[in-house]
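Participant: turn this into a model:
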Amino acid sequence: MLMVLQERRKKMQLDNIALFDMDDTIVDFDIGMLRELQKMAAPGEFCGHSHYSKDDPLHIRARKHSIMRQVGWWRNLPRKRIGFQIMEIASAMGFEIHILTKGPSTKPHVWTEKIEWCKEHLGDTPVTITQDKGLVYGKVLVDDYPAYIERWLKWRPRGLVVMPDTVHNRHFDHPNVVRATGENFDIIEAAMTLAAKRPPGERRIFK
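Facilitator: Coordinates of the predicted model:
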C-alpha cells in the first residue's frame with residue numbers, strides 16, 4: 001500500500017497542473033458585488049468598495065454579508081475575462097487545469113454554488129474546495145489574493161504564481177509571482193514555460 005501511495009505521489013509531482021482560483025480570478029466577484037451594493041445604496045450614498053475592505057463602515061460590511069448569503073448569488077456571478085485568457089494559455093501549453101477555491105466556513109451553501117458555477121462554465125474540470133490552499137499540489141497557481149498566495153508558496157517554494165492585477169493586491173510583490181495586467185500574456189507564457197519544464201527539486205527564476 002505504501003509503495004502505491006509513493007508512486008501516485010511521484011506521478012503527481014511530475015504532472016503539469018495549473019490551479020485556478022475562482023473569486024476575482026475566473027469569476028468577477030467585484031462586478032457582482034458592486035451591482036448589488038448600488039441597488040442597496042441611497043441616492044448619493046457611498047456604496048462601499050466592491051472588494052472586502054477594513055475601511056468599509058459597519059453597515060456596508062453588513063450589506064456585503066447579506067448579499068453573499070443570498071441563495072443563487074454566487075452561482076450567477078459573471079466570468080472574469082483575464083482569468084479565462086490565462087486558462088486558455090495554460091491549456092494550450094498542455095497544463096492540466098484544476099480549480100482551487102476557498103469555501104467560506106460561515107456560508108455552507110456557497111460550496112454547492114461554486115461547484116454549480118464550475119459545472120456550467122467549465123464542464124468536468126476538477127474542482128477542489130478547501131480551507132487551506134497550501135495543501136494542494138500544482139506547478140502553477142493563478143490567484144489574486146496575497147494571503148492565499150503566500151500560504152501556497154510556503155509549501156511550494158519553487159512554484160509559479162500568476163496574479164491577476166487588482167486594486168487590492170498592488171502592494172504585493174514576490175520573486176515567484178508574475179502579475180497579469182491583460183497586456184503581458186507573452187511574459188506569462190514565458191514564465192509558464194519555465195514552470196512546465198522545471199525538473200523536480202530545481203528552482204527557477206520567473207521574473
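
Participant: from now on I want contacts and neighbour counts done on CA atoms only, so please keep to that.
Facilitator: OK.

Participant: what about T25, how many neighbours?
Facilitator: When neighbours are counted by other C-alpha atoms under 10 Å, T25 registers 25.

Participant: which ones are touching it?
Facilitator: Applying C-alpha atoms under 8 Å, 6 or more residues apart in numbering to T25 gives the contacts 80, 82-83, 142-144, 164.

Participant: is it true that it lies in a strand?
Facilitator: No: assignment of T25 by DSSP: H, G, I helix; E, B strand; the rest coil gives coil, placing it outside any strand.

Participant: which one of the contacts of T25 is nearest to A41?
Facilitator: Comparing the contacts of T25 against A41 with C-alpha to C-alpha picks out K80 as the nearest, at 24.7 Å.

Participant: correct me, but that closest one touches D30?
Facilitator: No: in this structure, K80 sits apart from D30 without contact. The criterion is C-alpha atoms under 8 Å, and the distance is 9.6 Å.

Participant: circling back: what's the closest of the contacts of T25 to L194?
Facilitator: V142 (15.3 Å).

Participant: mind listing what T112 touches?
Facilitator: If you count contacts by C-alpha under 8 Å, 6+ apart, T112 has none.

Participant: what kind of secondary structure is it in?
Facilitator: helix.

Participant: show me where this protein has its helices.
Facilitator: 2-14, 29-40, 58-68, 81-92, 108-122, 146-155, 185-197 (DSSP state H).

Participant: and the contacts of T25, which of them are in strands?
Facilitator: Cross-referencing those with the strands (criterion: DSSP state E) gives 142, 164 as the overlap.

Participant: pLDDT for the contacts of T25 - can I get that in a markdown table?
Facilitator: Putting the contacts of T25 into a markdown table (pLDDT from 0 to 100) gives the following:
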| residue | pLDDT |
| --- | --- |
| K80 | 96 |
| I82 | 97 |
| G83 | 98 |
| V142 | 98 |
| D143 | 98 |
| D144 | 96 |
| P164 | 97 |
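
Participant: redo the contacts of T25 as JSON lines? Include distance to G103.
Facilitator: What follows is the contacts of T25, written out as JSON lines (distance: C-alpha to C-alpha, whole Å):
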{"residue": "K80", "distance to G103": "19"}
{"residue": "I82", "distance to G103": "22"}
{"residue": "G83", "distance to G103": "19"}
{"residue": "V142", "distance to G103": "17"}
{"residue": "D143", "distance to G103": "15"}
{"residue": "D144", "distance to G103": "16"}
{"residue": "P164", "distance to G103": "20"}
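
Participant: and the contacts of T25 as CSV, adding distance to V71 and neighbour count?
Facilitator: As requested, the contacts of T25 are exported to CSV (distance: C-alpha to C-alpha, whole Å; neighbours: other C-alpha atoms under 10 Å):
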residue, distance to V71, neighbour count
K80, 21, 18
I82, 26, 21
G83, 25, 26
V142, 27, 27
D143, 25, 26
D144, 25, 27
P164, 27, 22
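
Participant: overlap in contacts of K80 and D30?
Facilitator: D24.

Participant: now T106: phi and psi?
Facilitator: Note on T106: its backbone torsions stand at phi -100, psi 0 [degrees, to the nearest 10].
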